[in-house]
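Peer 1: Here is my input; please provide its structure:
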Amino acid sequence: MSALPDPISAHVELLFSDMNGVPRGKVIDGATLKPGYRPHMGLSVLFQTITGEYADILDRLNPKDEDMLLEPDWSTYRATPWKEDDHSQVICRSLSKNGQPTTVDSRNILIEVLNQYAQVGWFPIVAPEVEFYLVQPVQDPRNALVPATGQDGRLESGGESFSIDALDKFEDFFATLRQSCAKANIQLEGLIHEMGPGQIELNVGHGDALDKADQLFLLKRAVKACALKCGMTATFMAKPIEAAAGSGLHIHTSMNDAEGNNVFALQDGQATAMLKHYIAGLQYYLPRAFALFSPTINSYKRFVPDLSAPVNLEWGYDNRTTGFRIPYDTDENGRVENRIAGADANPYLFTAATLACGLLGVREKLEPREAVESNAYYLNLPAAFPRDLGAALVELQNCQPIIDLIGKDFIDSFVSIKQMEIDHFQAEISLWEQRYLCESL
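Peer 2: Okay, the predicted model is just below:
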């Protein structure tokens, strides 16, 4: 990887993503770091569920609870500006003890998908957009989340979408976040007040797919830390507030060739055959890989018509009611926006799965359905994708082309983790059950 930076901070956070996109790692004294340094970490961390348990598949893939190696990618070295003393952070690649990339690391999965593109001379260019809610600190997890109030101390009551004045109420948070992103070299290009009370969208500038996935991974961490400093909690749950819009994660994708030309450039405003193959791959394979885009039980509560969550896999030109949108722009900036995923998706898996579905469409020369020119919410289309996590896991396990592209060990491990999370959820008695079933039945 890249060279060890000089100077280096007193405390260096060695980070990697687990399958849920949660930052894991350790903090190292910067003075102890040497070129080629590869600290050890238990491989089992990559099999951890969101509830803190470890997937059953460990008995097959890591029965001895062995170590992995962390190889810092020093090109990702950044400040950790929300911390008081001299901290920095660097994203690591996990390796087996023989130096090979581990097959259950989500960042390694994205790197392998990008290698598949590089073999045909293509280099994906992406721009992520992520939504989240600012809420009041959670004192009792049994209570519903309450939107943060901002500087005026009042709860928003509606009509604040795209309001600059509504953003101003959280200016302390935004000032802290902007400063942190600037110091951490995270390309935060814009922010918008979204439909929900205290709901924000952040835009990351376009560029190399791995770099942007890294930035999105670190941005989510920065958002949480800056919200905490300002007395709030930031949540990237897909559906945190019952009656409000869910939070999505979108990605704009264009495709450069070796000379830097955009393979997805439009012709007289229309998609070329190559771009249509890519879109067709999304239409056909995304419902089969849906668990990678909607990875939690909560993810599926976001898909409500007319609340800005696409409930279809149609495509269209400048049509926000479709799952896949070709934005209004010049022909040379032709691209497609995947609007399906929730904000809870792992940035690396979300990016890798989007690109994998599109690549399969190009390889197989699939053809998309006709572009939708009307409101896709009102077309009475049949269910386009699985409506719960269990059904999505079945689809994923049965899609051999996705398994071949991403890897059987990874898919088996992901399914094992998610099935354990489902089992944990099913074992818990919900407030809904207590409220409606206790005295009625």
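Peer 1: Okay, strands next: where are they in the stretch 101-250 of the chain?
Peer 2: Ranges of strands in the stretch 101-250 of the chain, per DSSP state E, counting those that start in this stretch, are 122-135, 188-193, 199-204, 207-208, 233-235, 249-257.
Peer 1: center of the protein - which residue?
Peer 2: Pro347 (3.0 Å; CA atoms, centre = their mean).
Peer 1: Which pLDDT value belongs to that residue?
Peer 2: We have a pLDDT of 98 for Pro347.
Peer 1: next one: Asp306
Peer 2: pLDDT, Asp306: 66.
Peer 1: quick revisit: hang on, the residue nearest to the centre of the chain packs against Arg221?
Peer 2: No - distance between Pro347 and Arg221: 10.6 Å, which falls outside the contact criterion (CB atoms under 8 Å). Heads up, the C-betas are built off the backbone N, CA and C, glycines and all.
Peer 1: tally of neighbours for Gln151?
Peer 2: Neighbours of Gln151 under the rule other CB atoms under 10 Å: 11.
Peer 1: Now do Ala166 against Leu134, distance only.
Peer 2: As judged by CB to CB, to the nearest Å, Ala166 and Leu134 stand 11 Å apart.
Peer 1: Of these two, give the one with the bigger neighbour count.
Peer 2: Leu134 (23 against 19).
Peer 1: dump the residue contacts of the more buried one.
Peer 2: 147-148, 170, 173, 198-200, 227, 232-234 (CB atoms under 8 Å, 6 or more residues apart in numbering).
Peer 1: Recalculate using a threshold of 6 Å.
Peer 2: Contacts for Leu134 (CB atoms under 6 Å, 6 or more residues apart in numbering) come out as 148, 198, 232, 234.
Peer 1: The stretch 51-200 of the chain: helices as residue ranges?
Peer 2: 58-61, 106-119, 164-168, 171-183 (DSSP state H, counting those that start in this stretch).
Peer 1: for this protein, which spans come out with low pLDDT?
Peer 2: Counting by pLDDT under 70, the chain has low-confidence residues at 1, 305-308.
Peer 1: run the last query once more with 80
Peer 2: Where the chain drops to pLDDT under 80, the residues are 1-2, 157-159, 304-309, 380-383.
Peer 1: tell me which residues form a beta bridge with Pro101?
Peer 2: Counting by DSSP bridges, Pro101 is bridged to Leu95.
Peer 1: in terms of contact, does it touch Arg107 like I think?
Peer 2: No - Pro101 lies out of contact with Arg107 (CB atoms under 6 Å); the separation is 9.0 Å.
Peer 1: And the two? Which one has more around it.
Peer 2: Remark: of Pro101 and Arg107, Arg107 carries more neighbours, 26 against 17, as counted by other CB under 10 Å.
Peer 1: distance of that one from Asp73?
Peer 2: According to CB to CB, Arg107 and Asp73 sit 9 Å apart.
Peer 1: Check Arg435 too.
Peer 2: From Arg435 to Asp73 the distance is 49 Å (CB to CB).
Peer 1: neighbour count winner among these two?
Peer 2: The neighbour count for Arg435 versus Asp73, taken as other CB under 10 Å, is higher for Asp73 (17 against 10).
Peer 1: can you give me the strands for the stretch 301-441 of the chain?
Peer 2: Assigned by DSSP E, counting those that start in this stretch, the stretch 301-441 of the chain shows strands spanning 315-317, 324-326, 336-338.
Peer 1: Enumerate every residue touching Leu58.
Peer 2: Neighbouring residues of Leu58 by CB under 6 Å, 6+ apart: 44, 47.
Peer 1: And it, how far from Asp409?
Peer 2: Distance from Leu58 to Asp409, by CB to CB: 12 Å.
Peer 1: how about Tyr383, what does it touch?
Peer 2: Rather than Tyr, residue 383 is Ala. Here Ala383 is in contact with no residue (CB under 6 Å, 6+ apart).
Peer 1: got it, and Ile297?
Peer 2: Counting by CB under 6 Å, 6+ apart, Ile297 touches 389, 425.
Peer 1: That one and His424, how far apart?
Peer 2: 10 Å.
Peer 1: Then Ala213?
Peer 2: In terms of CB to CB, Ala213 sits 28 Å off from His424.
Peer 1: Repeat that for Ile402.
Peer 2: Counting by CB to CB, the gap from Ile402 to His424 is 26 Å.
Peer 1: Report how many residues lie close to Val223.
Peer 2: When neighbours are defined as other CB under 10 Å, Val223 has 23 of them.
Peer 1: Ignoring the adjacent residues along the chain, who's closest to it?
Peer 2: Leaving aside its sequence neighbours, Val223 sits nearest to Ala234 (CB to CB, 6 or more residues apart in numbering; 4.8 Å).
Peer 1: Next one: the one you found from Trp82, what distance?
Peer 2: Ala234 sits 12 Å away from Trp82, going by CB to CB.
Peer 1: between the two, which one's more packed in?
Peer 2: Ala234 (22 against 19).
Peer 1: In contact with that one, which residues?
Peer 2: Counting by CB under 6 Å, 6+ apart, the residues that Ala234 touches are 132, 134, 223-224, 227.
Peer 1: For those, give me a markdown table that also has distance to Ser157.
Peer 2: Listed next are those as a markdown table, based on distance: CB to CB, whole Å:
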| residue | distance to Ser157 |
| --- | --- |
| Phe132 | 20 |
| Leu134 | 16 |
| Val223 | 24 |
| Lys224 | 26 |
| Ala227 | 22 |
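Peer 1: of all these, which comes closest to Leu355?
Peer 2: Leu355 lies nearest to Phe132 out of the contacts of Ala234, by CB to CB, at 23.5 Å.
Peer 1: Next, the closest residue to the closest one other than its chain neighbours: phi, psi?
Peer 2: Take Phe132 and drop its neighbours on the chain: the residue closest to it by CB to CB, 6+ apart is Phe236, 4.9 Å away. Phe236 adopts backbone torsions of phi -100, psi 20, taken as degrees, to the nearest 10.
Peer 1: How many residues are close by the nearest residue to Arg335 once chain neighbours are set aside?
Peer 2: Of all residues not flanking Arg335 in the chain, Ser254 sits nearest, at 4.0 Å (CB to CB, 6+ apart). Each residue near Ser254 was counted by other CB under 10 Å, and the total is 21.
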